[in-house]
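Asks: Below: sequence and its predicted model.
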Amino acid sequence: MLKAIPFLLVLATAAFAQDSANEEAQVWNLEKAYWEYVKANDLEKYRALWHENFLGWPFVSSAPVRKDHITDWITSNTSKGVKLQSYSIEQLAIHVTGDVAINHYRIRANWADNEGAEVRTDALRITHTWIRTHGSWQIMGGMSAPVNEKGQ
């Protein structure tokens, strides 16, 4: 019987690792959806990703913001005729513990005017803290900053 205990422990550890990997993949897919919503200017779906009690500090803001201001940066661009044309995203680290996930990534976002001419490229470091609530993941906190001169 003693030999069965380590085997069961290995099985339980493998199952936990698989669950964790699945949860990490869920959160990562939501991060990718986030940028697709920005690109499509789908503010309704974008807002749905955010928890009601969100508090974060985007690089475009001089102070932390709550959920009622999370689309300000998008509408600031679109009001000037600028929209996200394309992006590349690089996952750097993600970890799920219970109902909380921390995700760190870099993104290079290419913005264009209504005729498709490139306006600018943003290179950012982003951290999002996700919380699982009522069976779905939502962004509870976050921070972004420009990538430094070394590309980090």
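Replies: Happy to help now that I have it. Residues are numbered from 1 along each chain as shown.
Asks: contacts, neighbours, all on C-alpha from now
Replies: Will do.
Asks: Could you measure from I126 over to I94?
Replies: Shown here: I126 relative to I94, a distance of 12 Å by C-alpha to C-alpha, to the nearest Å.
Asks: Sorry, wrong one. I was asking about N29.
Replies: 12 Å.
Asks: Those two: which has the busier surroundings?
Replies: The residue with more neighbours, out of N29 and I94, is I94; 19 against 11, by other C-alpha atoms under 10 Å.
Asks: tell me the pLDDT at that one?
Replies: Per-residue pLDDT puts I94 at 97.
Asks: Leaving out sequence neighbours, find the closest residue to it.
Replies: Excluding the flanking residues, the one nearest I94 by C-alpha to C-alpha, 6 or more residues apart in numbering is N103, at 4.3 Å.
Asks: Which other helices and strands does whatever helix or strand the one you found lives in contact?
Replies: Element membership for N103 (DSSP states H and E) is strand 100-112. Packed against strand 100-112 by the contact rule (3 or more C-alpha pairs under 8 Å, 6 or more residues apart in numbering; DSSP states H and E) you find helix 4-40, strand 83-97, strand 118-133.
Asks: I74: which of these is closest?
Replies: For the helices and strands packed on strand 100-112, the distance to I74 is smallest for helix 4-40, at 7.1 Å, taking C-alpha to C-alpha.
Asks: How far off centre is the helix or strand that the closest one is followed by?
Replies: Using DSSP H and E, the helix or strand that follows helix 4-40 in sequence is helix 43-48. Here helix 43-48 is found 13 Å from its chain centre; the criterion is C-alpha atoms, centre = their mean, to the nearest Å.
Asks: before we move on, what about stretch 104-115?
Replies: On C-alpha atoms, centre = their mean, the centre of stretch 104-115 falls 14 Å from the chain's centre.
Asks: What of stretch 126-142?
Replies: 9 Å.
Asks: Same check on stretch 91-110?
Replies: Distance of stretch 91-110 from its chain centroid, counting by C-alpha atoms, centre = their mean, is 6 Å.
Asks: same thing with stretch 40-47?
Replies: In terms of C-alpha atoms, centre = their mean, the centre of stretch 40-47 is found 14 Å from the chain centre.
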